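Visitor: can't give you the sequence, but here's the structure:
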């Protein structure tokens, strides 16, 4: 079974998603800025929100946000 043109585009996407992208240029600085700001927000969430499932979810979603933001930088910088 051969690959169609659409499959090849998908294979390129998969290759990009599952390949390590070493930081280049100012990417490390940008990652750190994102983490520092997320850490500040996480601290604020702990300070202002009562201990609850919702607070835990907020922290988890913040972690996810940083992972996706970093992936956006790693995968899409040219």
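Guide: Thanks, I have it. This one's a predicted model, so the numbers in the text were calculated from it and none came from an experiment. Residues are numbered from 1 along each chain as shown.
Visitor: For the rest of this, base every contact and every neighbour count on C-alpha atoms.
Guide: Will do.
Visitor: Quick check: which ranges of the chain have low pLDDT?
Guide: Applying pLDDT under 70 to the chain picks out residues 1, 5, 8.
Visitor: Now do the helices in it.
Guide: 5-17, 27-48, 53-76 (DSSP state H).
Visitor: Take the ones you listed and lay them out in JSON lines including mean neighbour count.
Guide: As requested, those are exported to JSON lines (neighbours: other CA atoms under 10 Å):
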{"stretch": "helix 5-17", "mean neighbour count": "11"}
{"stretch": "helix 27-48", "mean neighbour count": "14"}
{"stretch": "helix 53-76", "mean neighbour count": "14"}
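Visitor: who's in contact with the nearest residue to residue 49 once chain neighbours are set aside?
Guide: With sequence-adjacent residues excluded and distances taken as CA to CA, 6 or more residues apart in numbering, residue 49 is closest to residue 55, at 6.3 Å. Residue 55 is in contact with 45-46, 49, counting by CA atoms under 8 Å, 6 or more residues apart in numbering.
Visitor: okay, those in TSV with distance to residue 32 next?
Guide: Below are the contacts of residue 55 laid out as TSV (distance: CA to CA, whole Å):
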residue	distance to residue 32
45	20
46	21
49	25
